[in-house]
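Undergrad: What follows is a protein structure lacking sequence information:
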């Protein structure tokens, strides 16, 4: 799309949502594998500057865009009410706001048939991709607080916008089907990766089995807990708002914890080709875990708490299976920025999972130590944030 065409769409969106001022500038947000995101700046006749987030939802991935919006609106409204009741004065820095048109709709449909929406812009904030210990701590706390604030929201009210999104056994079944179909003739390249992943089929159903047995409750979970989905104060580096709410659905606490660790505690990038660089950083894991469990120690059940490390390994195995399936299918889901990108990603996640297996005992010991320090840690975290 040309810049002229993009600017024309921006102006159409501004008109549809009655945003104030004239378009002054914009920038592309390069983070994210699914949607296209832009920050725009406007200025009115009195010189007042306003900023917004515009996003084109990938409706091939999110096939029910209105359900995505309804979920996000439901949870943000719930969180807003809690913040207001607690006397929060800077609401727009603590929770995303979804703009609606006069008719109540959340989306503007472009001439090309795309779904565009407007979200609030978190002022004086930044997101990070590489986290030091302070950011790890804050990332964990932000997502733990997110679950805590929604612990009294009935998860069954939410749409399952991507059915079976973190149903790991079904993800593995889909991988097996793609391997049998071999749509683009790539299976011969990935036999070793397939063999390793499919050897874990007996383990990856653990969370689903425990839920079926009544030992793991469904909760409202974010489902994409990367550190770059938390906005931090640009100066103090304290966590502000959790963003990217498209995948908010019913799920398990272990999924959110697991994905946060998988992303932030890998010693290498998610698509590192030199697998000798890939491992789980246990010190990073410890800091993120401290932040995550602090708001939740009085909420999580004992079974939930002690299966959090299993969630780390299971979610890593799941993502490896998704990357490998997409590679076998011809790269139809994830954005690819270089040849064999999905295969590179899959191999990286497999290397990480193998390292996690060897460190599972230490991961559980760290959680046990945190449970012993419950009262002290809970007090300390609440004072910091």
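TA: That came through fine. Everything numeric in this text was worked out from a predicted model, so none of it was measured. Numbering: from 1, shown residues only.

Undergrad: Looking at this structure, which helix is longest?
TA: Longest helix in the chain, counting residues (DSSP state H): helix 341-372.

Undergrad: show me what contacts the most centrally placed residue in the chain?
TA: Geometric centre of the chain, nearest residue: residue 224, 1.6 Å, by CA atoms, centre = their mean. Shown in contact with residue 224 (CB atoms under 8 Å, 6 or more residues apart in numbering): 244, 246, 247, 259. Bear in mind the C-beta positions are built from the backbone N, C-alpha and C, glycine included.

Undergrad: Can you report phi and psi for the first one?
TA: Spelled out, that is residue 244. Backbone torsions for residue 244, taken as degrees, to the nearest 10, come to phi 60, psi 70.

Undergrad: ok, it touching residue 229?
TA: Yes - in this structure residue 244 lies within contact range of residue 229 using CB atoms under 8 Å: 4.5 Å.

Undergrad: did I read that right, residue 51 in a strand?
TA: Yes - under DSSP: H, G, I helix; E, B strand; the rest coil, residue 51 falls within a strand.

Undergrad: Touching, it and residue 41? I think so.
TA: Yes - with contacts counted by CB under 8 Å, residue 51 reaches residue 41, the gap being 5.2 Å.

Undergrad: what about residue 300, which helix or strand?
TA: Residue 300 belongs to no helix or strand when assigned by DSSP states H and E.

Undergrad: residue contacts, it?
TA: With contact taken as CB under 8 Å, 6+ apart, residue 300 is in contact with 253, 293.

Undergrad: any low-confidence regions in the protein?
TA: Scanning the chain for pLDDT under 70 picks out 32-33, 372-385.

Undergrad: domain parsing for it?
TA: 3-123, 133-384 (automatic domain parsing).

Undergrad: ranges for the strands of the protein?
TA: Assigned by DSSP state E, the chain shows strands spanning 22-29, 36-43, 49-57, 108-109, 115-120, 125-126, 219-221, 230-233, 239-242, 249-251.

Undergrad: Please render those strands as CSV that adds mean neighbour count to the earlier fields.
TA: Shown next, in CSV, are those (neighbours: other CB atoms under 10 Å):
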stretch, mean neighbour count
strand 22-29, 12
strand 36-43, 18
strand 49-57, 18
strand 108-109, 17
strand 115-120, 21
strand 125-126, 15
strand 219-221, 25
strand 230-233, 22
strand 239-242, 24
strand 249-251, 22
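
Undergrad: Put together TSV for those strands, with distance to residue 64 on each row.
TA: Below are the strands of the chain laid out as TSV (distance: least, CB to CB, whole Å):
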stretch	distance to residue 64
strand 22-29	24
strand 36-43	19
strand 49-57	10
strand 108-109	15
strand 115-120	11
strand 125-126	30
strand 219-221	18
strand 230-233	26
strand 239-242	22
strand 249-251	12
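
Undergrad: for the ones you listed, which one sits closest to residue 87?
TA: Among these, the nearest to residue 87 by CB to CB is strand 239-242 (16.7 Å).

Undergrad: Summarise which helices and strands the closest one is packed against.
TA: When contacts are defined as 3 or more CB pairs under 8 Å, 6 or more residues apart in numbering; DSSP states H and E, strand 239-242 sits against helix 133-149, strand 230-233.

Undergrad: can you tell me which of the ones you listed comes nearest to residue 302?
TA: helix 133-149 (16.3 Å).

Undergrad: what does that closest one contact?
TA: By CB under 8 Å, 6+ apart, the residues outside helix 133-149 that reach it are 78-79, 82, 128, 131, 219-222, 225, 227, 230, 232, 237-239, 242, 253, 256-257, 260, 264-265, 283-284, 287-296, 299, 381, 385.

Undergrad: Do you have the helices of the stretch 151-300 of the chain handy? List them.
TA: 168-181, 191-198, 206-212, 253-264, 282-293 (DSSP state H, counting those that start in this stretch).

Undergrad: Buried deepest among the ones you listed, which one?
TA: Greatest average neighbour count among those goes to helix 253-264 (a mean of 28), per mean count of other CB atoms under 10 Å.

Undergrad: quick one: that one to helix 168-181, angle?
TA: Note on geometry: by axes from the mean of the first three to the mean of the last three CA atoms, to 10 degrees, helix 253-264 and helix 168-181 are set 60 degrees apart in direction.

Undergrad: For residue 115, which residues are in contact?
TA: Contacts of residue 115 by CB under 8 Å, 6+ apart are 56, 57, 59, 65, 107, 108, 109.
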